[in-house]
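Trainee: Build me a structure from this.
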Amino acid sequence: MKQAIRLLVLVIAATCLAAIAPSSWARPGKREDARAAAIHPVSSITQMQAWLARVPVTRDFPPDFAPSLRAYAPAFVIEMSTATGCVPCADLWTRLGILRQHYGWQVRTISSEEALLRSGRLGLPWVGHPVAWVRPVDDPSRMVPIAIGTDHAPNLARNAWLAARMLTGVRAQVGVRALSKFTGIVGASPTSRFHR
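Mentor: Numbers count the residues shown, from 1 in each chain. Predicted structure coming up:
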């Protein structure tokens with residue numbers, strides 16, 4: 001599972017490198033370049049909406065999507081990191097609240113320290129709040145990230161559904177390939193190296 005999640009991060013980084021301007025093709029891509037291209041720190045609703053407008057919305061769902069997502073609700077919880085004054089955190093919390101109302105999933109916040117530990121356990125670089133994970137209610141050590149930054153509600157719902165499927169036996173590589181790409185729309189911090 002960890003290897004599949006690392007694969008997802010590498011695929012996202014490679015995709016972002018391909019989107020960098022042609023003038024940068026002459027030099028070899030660096031991990032920092034990929035990370036900077038994939039992370040979008042925002043400090044206002046206007047900035048966040050501008051980045052969200054570029055994110056594709058999931059439109060294909062299996063016929064049993066809604067009943068399946070409701071059936072998974074008692075067994076799984078969505079936990080997200082947050083920070084004071086973080087615009088995308090408030091946006092993600094609102095969207096997850098709607099998911100909770102429609103499908104009955106529990107949604108909780110976790111501390112910054114717990115978020116950092118989780119990212120480290122999965123080998124994910126810490127890029128800022130919010131990050132959301134799905135985990136079984138009775139097993140805090142197994143989790144799948146479903147959002148790095150805020151995202152559209154359909155993408156979040158589909159990622160939660162896929163995470164539950166992965167945690168109940170769907171091959172990790174299949175689930176990771178199907179996850180909507182993480183947006184990287186995170187809260188801007190004064191110490192952010194990726195602030196543009």
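
Trainee: hang on, Leu96 in a helix?
Mentor: Yes - assessed by DSSP: H, G, I helix; E, B strand; the rest coil, Leu96 belongs to a helix.

Trainee: which stretches of the chain form strands?
Mentor: 40-42, 76-81, 106-110, 131-136, 144-148, 185-187 (DSSP state E).

Trainee: among these, which is nearest Pro88?
Mentor: With CB to CB as the criterion, Pro88 lies closest to strand 185-187 of the strands of the chain, at 5.1 Å. In this view, the C-beta of every residue, glycine as well, is placed from N, C-alpha and C.

Trainee: List the neighbouring strands of that closest one plus their orientation.
Mentor: Note on strand 185-187: by DSSP bridges, its sheet partners are strand 40-42 (parallel).

Trainee: How far does the strand it pairs with sit from its chain's centre?
Mentor: 14 Å (CA atoms, centre = their mean, to the nearest Å).

Trainee: in that strand, what counts as buried?
Mentor: Neighbour counts over strand 40-42 (16 or more other CB atoms under 10 Å) mark His40, Pro41, Val42 as buried.

Trainee: ok, the last one touching Thr183?
Mentor: No - when contacts are counted by CB atoms under 8 Å, Val42 is not listed as touching Thr183 (10.5 Å).

Trainee: what's the overlap in contacts for those two?
Mentor: Residues touching both Val42 and Thr183 (CB atoms under 8 Å, 6 or more residues apart in numbering): Trp51.

Trainee: I'd like to know how far Ala188 sits from Asp60.
Mentor: For Ala188, the distance to Asp60 (CB to CB, to the nearest Å) stands at 33 Å.

Trainee: I figured Thr58 was touching His152, is that so?
Mentor: Yes - shown here, Thr58 and His152 form a contact pair, counting by CB under 8 Å, at 7.5 Å.
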